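In: Give me a 3D structure for the following:
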Amino acid sequence: MKIETKCLHAGYTPKNTEPRVVPIVQSTTYVYDSTDDVAAVFDDPHKEPYLLKI
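Out: Below is the predicted model of the structure:
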């Protein structure tokens, strides 16, 4: 096993019904200048809804 793989999976011991391999989740974050900017993006009832997983 390569060191990169060991670093990713080290210390993970799956419990019953959990995946054998650690799931890799790709995500990102965004910067907004103010909470008003965030509200303009997510609270506008005229825009199509965003798919969010929180």
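In: mind checking which helix or strand Arg20 is in?
Out: For Arg20, there is no enclosing helix or strand under DSSP states H and E.
In: need the contact list for it.
Out: Going by Cβ atoms under 8 Å, 6 or more residues apart in numbering, Arg20 touches Pro14. The way it works is simple: take the backbone N, C-alpha and C, and place the C-beta from them, glycine included.
In: tell me which element Ala39 falls in.
Out: Assigning secondary structure by DSSP H and E places Ala39 in helix 35-42.
In: What distance do you get for Gln26 to Glu18?
Out: 20 Å (Cβ to Cβ, to the nearest Å).
In: Any idea which helix or strand in this structure has the lowest mean pLDDT?
Out: Here the helix or strand of the chain ranked lowest by mean pLDDT, DSSP states H and E is helix 3-9, holding a mean of 79.
In: Show me the contact partners of that helix.
Out: Helix 3-9 is contacted by residues Val21, Val22, Ile24 when judged by Cβ under 8 Å, 6+ apart.
In: Could I get the average pLDDT for stretch 24-42?
Out: Throughout stretch 24-42, pLDDT has a mean value of 82.
In: Quick one: end-to-end distance for it.
Out: Stretch 24-42 has its terminal residues 27 Å apart, counting by Cα to Cα, to the nearest Å.
In: Go through it and flag the buried ones.
Out: Neighbour-count burial for stretch 24-42, counted by 16 or more other Cβ atoms under 10 Å, picks out no residue.
In: how far is it from where the chain is centred?
Out: Relative to the chain's own centre, stretch 24-42 is displaced by 13 Å; criterion: Cα atoms, centre = their mean, to the nearest Å.
In: go on, stretch 8-28?
Out: In terms of Cα atoms, centre = their mean, the centre of stretch 8-28 is set 14 Å apart from its chain centre.
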